[in-house]
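Colleague: Pasting a predicted model and its sequence here:
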Amino acid sequence: DSGVTQTPKHLITATGQRVTLRCSPRSGDLSVYWYQQSLDQGLQFLIQYYNGEERAKGNILERFSAQQFPDLHSELNLSSLELGDSALYFCASSARQGLEVYGYTFGSGTRLTVV
Amino acid sequence: QQQVKQSPQSLIVQKGGISIINCAYENTAFDYFPWYQQFPGKGPALLIAIRPDVSEKKEGRFTISFNKSAKQFSLHIMDSQPGDSATYFCAASFGAAGNKLTFGGGTRVLVKP
């Protein structure tokens, strides 16, 4: 167990629907990152939050949004889903920005299948 | 351009052999280069990392070699074991571990007994 908890583990939904993926970071970690892993695109950075504030944005579609709550858990919302959104979505956390020692800790991911 | 190119895409090695995975980056501002190991159904796990002021770092059977002038770094897995069969990703970031990672495309390693 990495200490980063992602739910649900699997999600199957239809095109056009909306889903919410949840991530609880490792205890004490203030930064949360979301990554998408697909066969053809590899691991792509989506968005980062630090202590409730958005810190960096990557290749995140406008149909996707995220937030980090006061208890530091984060949610990734995916709407108007398309077949191409099928992928593994990973959450990772790290202790503090700028510190090298701990690196990232990834959760086990949510496998999203859009049918 | 924030790209990290990784090769080979896949690798088969005999038990006890050496696995070598190479990565090249373009942005000289990168200052943190981790390697991650991923097993099927699991998230990537940090294996070993290096900063550009060090040319080599060794942890157990895993060694990173770093060539700053060539903008290349590599992972060597010595005495490869079947349990090392996994996908390996190199990555790079600015400002050590606190910032987003740019990943290479991954290398699937299969260690044959």
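Modeller: Cool, the structure landed.
Colleague: chain center to the helix or strand harbouring A:L112: distance?
Modeller: Element membership for A:L112 (DSSP states H and E) is strand A:110-114. From the chain centre to the centre of strand A:110-114 is a distance of 12 Å (C-alpha atoms, centre = their mean, to the nearest Å).
Colleague: how about it as PDB, C-alpha atoms only?
Modeller: Extracted in PDB, the C-alpha atoms of strand A:110-114 (Å, rounded to 0.1, in the frame of the first residue of the first chain):
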ATOM      1  CA  THR A 110      -8.700   4.200 -11.600                       C
ATOM      2  CA  ARG A 111      -9.300   2.300 -14.800                       C
ATOM      3  CA  LEU A 112     -12.000   4.200 -16.800                       C
ATOM      4  CA  THR A 113     -13.700   2.500 -19.600                       C
ATOM      5  CA  VAL A 114     -16.100   4.500 -21.700                       C
END
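Colleague: does it come close to chain B?
Modeller: No. Using C-beta under 8 Å from any C-beta of the partner chain, strand A:110-114 stays clear of chain B, with a minimum separation of 8.7 Å. Any C-beta I mention is one placed from the backbone N, CA and C, and that applies to glycine too.
Colleague: got the residues of chain B near chain A?
Modeller: Counting by C-beta under 8 Å from any C-beta, chain B comes close to chain A at B:32, B:34, B:36, B:41-46, B:49, B:51, B:89, B:95-106.
Colleague: Weed out the non-buried ones from these.
Modeller: For these, a neighbour count by 16 or more other C-beta atoms under 10 Å in any protein chain shown gives the buried set as B:32, B:34, B:36, B:43-44, B:46, B:49, B:89, B:96-106.
Colleague: how close does the residue nearest to A:G3 when sequence neighbours are not counted get to A:T5?
Modeller: Leaving aside its sequence neighbours, A:G3 sits nearest to A:R26 (C-beta to C-beta, 6 or more residues apart in numbering or on different chains; 3.7 Å). Distance of A:R26 to A:T5, computed by C-beta to C-beta, to the nearest Å: 9 Å.
Colleague: Can you give me every residue that contacts residue 83?
Modeller: If you meant another chain, say so; for now it's chain A. With contacts taken as C-beta atoms under 8 Å, 6 or more residues apart in numbering or on different chains, A:L83 has the following neighbours: A:T15, A:V114, A:V115.
Colleague: Chain B was what I was after
Modeller: Contacts for B:G83 (C-beta under 8 Å, 6+ apart) come out as B:V111.
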